[in-house]
Structure formats: structure tokens, C-alpha cells
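1. Build me a model:
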Amino acid sequence: MSSDPEEASDALLARIAPGMAVLDVEGEQAGIVGGVQFAGTEVLPEAPLGIAEDLVDTGYVLIDGAGHLANDAYAGGDQIDDVSDVVRLNVRRLDLVRAESTTA
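-> Residues are numbered from 1 along each chain as shown. Predicted structure coming up:
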């Protein structure tokens with residue numbers, strides 16, 4: 001068994017599918033999975049530089065927002081606590097990185 005954090009993150013990410021519900025550490029719905037990118041991907045998220053590179057390093061999930069988190073957000077692979085029939089995060093939904101708006 002590997003203790004590599006990137007491999008552990010990818011193992012969790014591999015169990016996530018678009019359409020799954022995402023719950024934060026407090027059990028609040030953060031949204032629905034819109035997409036998954038594994039660590040080392042060439043696909044940069046629409047997040048501020050620096051943060052985008054960090055998300056690429058850990059892999060990430062695009063979350064289609066719900067409630068107060070009306071815009072999309074990203075959860076890094078290191079922010080995912082568990083995956084069963086839902087994705088459970090180890091952070092509050094309000095602490096997630098918001099996707100930058102691409103509209104003028």
C-alpha cells in the first residue's frame with residue numbers, strides 16, 4: 001500500500017462520477033460533481049493562478065454550486081474525505097475555491 005498523498009487522492013477521485021452529490025464537513029450540500037481531473041492533468045481550472053496549479057497537483061473536482069454557493073467551485077483531491085454514494089469533503093463549502101467568472 002502506498003503512502004503517496006497523490007496516489008491516495010487519485011484513488012478517491014477514481015471513485016467519483018459526474019452527478020454525485022457533494023457534502024461539506026458539516027453535512028451541508030455543496031453542489032453536484034460537474035467533472036473530475038486527476039493529479040498532474042494539463043487542464044487548468046478557472047481559478048486564480050497559484051491556486052489553479054495547486055489544484056492540478058492534487059487533482060480536483062468541479063462542483064456545480066448549490067444554495068449560497070451559487071457559482072461553481074473546486075475541491076482539491078486533498079479536500080476529499082470519503083467517497084460512497086456521495087462525495088464528503090473535509091472542509092466547509094464556503095472555504096472552497098470559487099470558479100472565476102468568464103462572463104463580462
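
2. Please name the residues that touch the residue nearest to residue 82 when sequence neighbours are not counted.
-> Once flanking residues are discounted, residue 82 sits nearest to residue 88: 4.6 Å by CB to CB, 6 or more residues apart in numbering. Any C-beta I mention is one placed from the backbone N, CA and C, and that applies to glycine too. If you count contacts by CB atoms under 8 Å, 6 or more residues apart in numbering, residue 88 has them with 23, 25, 80, 81, 82.

3. Please repeat the previous calculation with a cut-off of 6 Å.
-> 23, 81, 82 (CB atoms under 6 Å, 6 or more residues apart in numbering).

4. Then residue 84?
-> With contact set as CB under 6 Å, 6+ apart, residue 84 has no partners.

5. Check the one 5 residues further on too.
-> Residue 89 makes contact with 24, 25, 75, 79 under the criterion CB under 6 Å, 6+ apart.

6. Narrow these to just the buried residues.
-> 24, 75, 79 (16 or more other CB atoms under 10 Å).

7. just to revisit the earlier point, of the contacts of residue 88 - the most surrounded one?
-> residue 23 (17 neighbours; other CB atoms under 10 Å).

8. Thanks again, I'm all set now.
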